[in-house]
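Enquirer: Sequence first, predicted coordinates after that:
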Amino acid sequence: MITDDAVPAGLKVAGAYSWRILAIVGVIAVFIFLVMQFKYIVIPFMIAILIAALLVPLVQWLVRHKWPKALAVAVAMLGTIAIVSGLLYVVVTQIRSGWPDLQERSLKAYEDFRVFLETSPLHVTDAQFNDWLDSAIASIQADSQVLVSGALSVGSTAGHVLAGLLLTLFATLFILIDGKGIWAWIVRLFPRKARPAIDGSGHAGWVTLTTFVKVQIFVAFVDAVGIGLGAWILGLIFGGFPLVIPIAIAVFLGSFIPVVGAVVTGAIAVFVALVYLGPFQALLMLAIVLLVQQIEGHVLQPLVMGTAVKVHPLAVVFAVAAGSFTAGIAGALFAVPIIAVLNVMVKYIASGEWRTNLRPTAKELLPRD
């Protein structure tokens, strides 16, 4: 029988770390499982938090300028709904008006491409082309299954979409009205000695989240303007580029999914350039999309986003990949803000600043002598 004294010290330390790591991994796994089970509630609530992180500073600014809080909240909510509805309306109406022509030109471009392959030195037959096309479609469906299933899991029916929308609106409204009270109630769920650390870390995480949302809007705006302006310039040079405004809006909305959002929506601009203008112009459009992505990746992300959320770009890439594989589009959307907020909260608690620099809410929650 091996006694405790016979076990090397290094093995004891490794064993102590191992069971603690296994316990932490187990808790995280159970938490992720519960989140996936209650995704119809969790996802709308997280969307509401992101929206509130953008609107709370606006509400506070209006209140500081003598606006009644109820009016400030109403203006922020209705203004946001009006802006988003307006953008979607513009996209839908312009796509509907240009869809017949786009469909006709797409079919013509498809037939021209088949003729080109058949008459080229490759001599690709119709059977070979159909086999390649089927393989490409199958590959795309297999690779995008996780993302598509994630999107459908958010609202596979009209009832889920409507319920999620209502939950998002109500949660955003209550956070704007009494966010501090909600947070104080959450802090009171923890033991008294832990409340100052939880409260301070939550405040630090909220500051990081609001900064992230503002910076993400700026990055999305730069992507939309860069790609939209590039498409417009190509249209001026080569005789017209349709659907510039819907493409710019799609890039703006898609850019809220870091790394991959603007690339996917930028591919729409490349496709439109290929169908309407030709292969050379499509290559130019692709170069514009890549140039905008390079500016974002090497200038905006390191200087602006990296400073705001204090997360390395490599961590951003892996966080988005892990989030998309775990929870589809919703996971890709929330991965970076979750990592950024957790990073700041853990650093705040580890620093011990909460021991000497208590926030007012934490002081009120401490036990009285």
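Expert: Nice, I can see it.

Enquirer: rest of the way, CA atoms for contacts and neighbours
Expert: Fine.

Enquirer: which residues of the stretch 151-300 of the chain score low on pLDDT?
Expert: Along the stretch 151-300 of the chain, the parts satisfying pLDDT under 70 run over 151-159, 258-260, 297-298, 300.

Enquirer: And the helices in it?
Expert: Ranges of helices within the stretch 151-300 of the chain are 158-187, 195-238, 244-254, 261-276, 279-295, based on DSSP state H, counting those that start in this stretch.

Enquirer: tell me what the second one is packed against?
Expert: Contacts of helix 195-238 with other secondary structure elements, assessed using 3 or more Cα pairs under 8 Å, 6 or more residues apart in numbering; DSSP states H and E, are made with helix 39-64, helix 158-187, helix 244-254, helix 261-276, helix 279-295, helix 306-309, helix 313-351, helix 360-365.

Enquirer: hang on, the earlier thing: nearest to Ser97, out of the helices of the stretch 151-300 of the chain?
Expert: Nearest to Ser97, of all those, is helix 244-254, at 11.5 Å by Cα to Cα.

Enquirer: Need the contact partners of the closest one.
Expert: Applying Cα atoms under 8 Å, 6 or more residues apart in numbering, the set of residues contacting helix 244-254 from outside is 87, 90-91, 94-95, 220-221, 223-225, 227-228, 231-232, 261-262, 264-266, 268-269.

Enquirer: Please tell me how far Ile32 sits from Asn130.
Expert: 42 Å (Cα to Cα, to the nearest Å).

Enquirer: for Thr208, same thing?
Expert: 51 Å.

Enquirer: who's more crowded, those two?
Expert: In this view Thr208 and Asn130 are compared by other Cα atoms under 10 Å, and Thr208 has more residues nearby, 22 against 13.

Enquirer: quick one: buried residues of the helix or strand where Leu34 lies?
Expert: Taking DSSP states H and E as the definition, one finds Leu34 inside helix 9-37. Within helix 9-37, the residues that count as buried by 16 or more other Cα atoms under 10 Å are Met36.

Enquirer: From Leu253, how far out is Ile49?
Expert: From Ile49 to Leu253 the distance is 17 Å (Cα to Cα).

Enquirer: Not counting residues beside it along the chain, what's closest to the residue minimising distance to the centre of the chain?
Expert: Nearest to the geometric centre of the chain sits Leu333, at 2.3 Å (Cα atoms, centre = their mean). Counting by Cα to Cα, 6 or more residues apart in numbering, the nearest residue to Leu333 once its immediate chain neighbours are dropped is Ile257, at 4.8 Å.

Enquirer: just checking, that neighbour touches Ala335?
Expert: No - between Ile257 and Ala335 there is no contact under Cα atoms under 8 Å: 9.1 Å.

Enquirer: hang on, the earlier thing: can I get the helices of the stretch 151-300 of the chain in JSON lines with distance to Pro100?
Expert: What follows is the helices of the stretch 151-300 of the chain, written out as JSON lines (distance: least, Cα to Cα, whole Å):
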{"stretch": "helix 158-187", "distance to Pro100": "27"}
{"stretch": "helix 195-238", "distance to Pro100": "20"}
{"stretch": "helix 244-254", "distance to Pro100": "16"}
{"stretch": "helix 261-276", "distance to Pro100": "13"}
{"stretch": "helix 279-295", "distance to Pro100": "21"}
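
Enquirer: Tell me which of those helices sits nearest to Ser120.
Expert: Judged by Cα to Cα, the one of these that comes nearest to Ser120 is helix 279-295, at 15.7 Å.

Enquirer: of the contacts of helix 244-254, buried ones?
Expert: Burial by neighbour count, 16+ other Cα under 10 Å: within the contacts of helix 244-254 this picks out 91, 95, 220-221, 223-225, 227-228, 231-232, 261-262, 265-266, 269.

Enquirer: residues contacting Thr93?
Expert: Applying Cα under 8 Å, 6+ apart, no residues contact Thr93.

Enquirer: secondary structure element for it?
Expert: In this structure, Thr93 sits in helix 69-119 according to DSSP H and E.

Enquirer: pLDDT of that helix, averaged?
Expert: In this model, helix 69-119 has a mean pLDDT of 82.

Enquirer: and Ile338, what pLDDT?
Expert: On the pLDDT scale, Ile338 gets 86.

Enquirer: Next, count neighbours for it.
Expert: For Ile338, the tally of surrounding residues (other Cα under 10 Å) stands at 15.

Enquirer: Which parts of this structure belong to which domain?
Expert: Using automatic domain parsing, the domain parsing of the chain gives 37-139+156-187, 194-369.

Enquirer: Assign Lys66 to helix, strand or coil.
Expert: Put simply, Lys66 is coil when judged by DSSP: H, G, I helix; E, B strand; the rest coil.

Enquirer: What distance do you get for it to Val222?
Expert: Counting by Cα to Cα, the gap from Lys66 to Val222 is 33 Å.

Enquirer: higher neighbour count, those two?
Expert: Neighbour count, other Cα under 10 Å: between Lys66 and Val222, Val222 has more, with 20 against 9.

Enquirer: residues touching the more buried one, list them.
Expert: Contacts for Val222 (Cα under 8 Å, 6+ apart) come out as none.
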